[in-house]
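**Student:** I'll drop the sequence and a predicted model, then ask my questions.
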Amino acid sequence: MPDHRRFPRILPGKFRNNFGDYLMEISLAQKNFVLSKRGKPMALFTPVEPRSIGKSVTPSQYRHNSSEYLARVRWAKERFIIVKRGRKLAWLRPVEDLGLMSGTRDDLREPEKPYRDLDAWSSQPISLEIWR
């Protein structure tokens, strides 16, 4: 299962305005995008997989009603497949499909690295023989 943090995050308005370019990147280059607003992920645009399910939507329908489709994906957990001339180009689906449960900013941060135990370092004697 891919990690959602590796996907580029894009604002929905920017995605809608450059929809054709992003659609080609998704279908031809197999790229994934996370649409996020105010730091919270809203939806995923991914390449179509063999097990993809959802309602068919044309690119022009998505462009004209993008806010409605994003709301239905975000809140009703519906899935849509962008289809042009019978060819499935992209899959619009909820972020929860990748295992992200809450969608908060904390979930988007990189996991913190554990701190070294500094007490263990300071309790070990330092050998000065190597400096002689």
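**Tutor:** Right, received. Where do you want to start? Keep in mind it's a predicted model, so treat the numbers as computed, not measured.

**Student:** quick one: low-confidence parts of this protein?
**Tutor:** 1-5, 99-132 (pLDDT under 70).

**Student:** For the most centrally placed residue in it, which three-state class applies?
**Tutor:** For the chain, Val34 is the residue whose C-alpha lies nearest the centre (C-alpha atoms, centre = their mean; 3.4 Å). With DSSP: H, G, I helix; E, B strand; the rest coil as the basis, Val34 sits in strand.

**Student:** Next up, the contacts around it.
**Tutor:** His4, Phe7, Pro8, Arg9, Ile10, Pro41, Met42, Ala43, Leu44, Phe45, Val95 (C-beta atoms under 8 Å, 6 or more residues apart in numbering). (Glycine included, C-beta is placed from N, CA and C.)

**Student:** want to throw these into JSON lines with secondary structure?
**Tutor:** Putting the contacts of Val34 into JSON lines (three-state DSSP) gives the following:
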{"residue": "His4", "secondary structure": "helix"}
{"residue": "Phe7", "secondary structure": "coil"}
{"residue": "Pro8", "secondary structure": "coil"}
{"residue": "Arg9", "secondary structure": "strand"}
{"residue": "Ile10", "secondary structure": "strand"}
{"residue": "Pro41", "secondary structure": "strand"}
{"residue": "Met42", "secondary structure": "strand"}
{"residue": "Ala43", "secondary structure": "strand"}
{"residue": "Leu44", "secondary structure": "strand"}
{"residue": "Phe45", "secondary structure": "strand"}
{"residue": "Val95", "secondary structure": "helix"}
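
**Student:** Let me know the closest of the residues you listed to Phe19.
**Tutor:** Phe45 (9.8 Å; C-beta to C-beta).

**Student:** Could you check what's spatially nearest to the closest one, not counting adjacent residues?
**Tutor:** Nearest non-adjacent residue to Phe45, counting by C-beta to C-beta, 6 or more residues apart in numbering: Phe33, 4.5 Å away.

**Student:** Arg79 now?
**Tutor:** Spatial nearest neighbour of Arg79, chain neighbours left out: Gly54 (3.4 Å); criterion: C-beta to C-beta, 6+ apart.
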